[in-house]
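Trainee: Fold the following, please.
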Amino acid sequence: MNRFSEVRDLVMGMEGDFQKFYEKENKAAGTRVRKGMQDLKNLAQDIRLAVQASKNGEAPVAKAKAKK
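Mentor: Now for the predicted structure:
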């Protein structure tokens with residue numbers, strides 16, 4: 001469940017930037033949203049690969065965390 005917490009924390013951390021971008025039309029917040037969404041995509045892919053490896057009885061491939 002640790003990976004789920006990472007996803008949840010990442011999404012909740014972007015909430016303020018989403019509001020600033022969509023409600024106040026802050027373009028800098030839009031850049032942060034795009035970066036956050038890319039981080040979310042990468043995290044989701046890592047989780048997907050780990051689940052697939054576990055399902056197939058393989059050792060999960062550990063990937064280095066991206067710098068924030």
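Trainee: Give the helix, strand or coil label for residue 57.
Mentor: Following DSSP: H, G, I helix; E, B strand; the rest coil, the label given to residue 57 is coil.
Trainee: From residue 1, how far out is it?
Mentor: In this structure, residue 57 and residue 1 are separated by 21 Å, where distance is defined by CB to CB, to the nearest Å. C-beta: built from backbone N, CA, C; applies to glycine.
Trainee: try residue 20
Mentor: When CB to CB is the yardstick, residue 20 and residue 1 sit 30 Å from each other.
Trainee: Those two: which has the busier surroundings?
Mentor: residue 20 (17 against 6; other CB atoms under 10 Å).
Trainee: can you pull the contacts of that one?
Mentor: Counting by CB atoms under 8 Å, 6 or more residues apart in numbering, residue 20 makes contact with 26, 29.
Trainee: could you say which helix or strand contains the residue minimising distance to the centre of the chain?
Mentor: Centrality entry for the chain: nearest residue to the mean C-alpha point is residue 40, 1.9 Å, by CA atoms, centre = their mean. The secondary structure element spanning residue 40 is helix 27-55 (assigned by DSSP states H and E).
Trainee: Having no further points to raise, I will conclude here.
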